[in-house]
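Novice: sequence first, then the predicted structure, then my questions.
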Amino acid sequence: MYKSLEHRKTAVADATALTETIMSGLPGCMQQGAVARDELTRHATSVLGRFDRAAGVQYQAFHPVKD
């Protein structure tokens, strides 16, 4: 998350807040206390992309979803 936001002056604070947002949206995706990698990646890409399009594109490039 942080690496995708490095171009921002507030990268650490932004990454922290976005991680909390992403984690709060995951309980619906959990099965037996675990989240599938692709579900986590899709959710993180969606949240990050809404916050900062360039960061979302960079995150997606390094965390591709395997369909």
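Specialist: Cool, got the structure.
Novice: the residue nearest the centre of the chain: which element?
Specialist: Geometric centre of the chain, nearest residue: residue 44, 2.3 Å, by CA atoms, centre = their mean. Per DSSP states H and E: residue 44 is located in helix 37-51.
Novice: buried stuff in that helix?
Specialist: If you call a residue buried by 16 or more other CB atoms under 10 Å, then helix 37-51 has these buried ones: 39, 40, 41, 43, 44, 45, 47, 48, 49. Quick note: C-beta positions are derived from backbone N, CA and C, even for glycine.
Novice: got a markdown table for those, with pLDDT too?
Specialist: Output for these, formatted as a markdown table (pLDDT from 0 to 100):
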| residue | pLDDT |
| --- | --- |
| 39 | 86 |
| 40 | 89 |
| 41 | 91 |
| 43 | 90 |
| 44 | 93 |
| 45 | 94 |
| 47 | 95 |
| 48 | 95 |
| 49 | 94 |
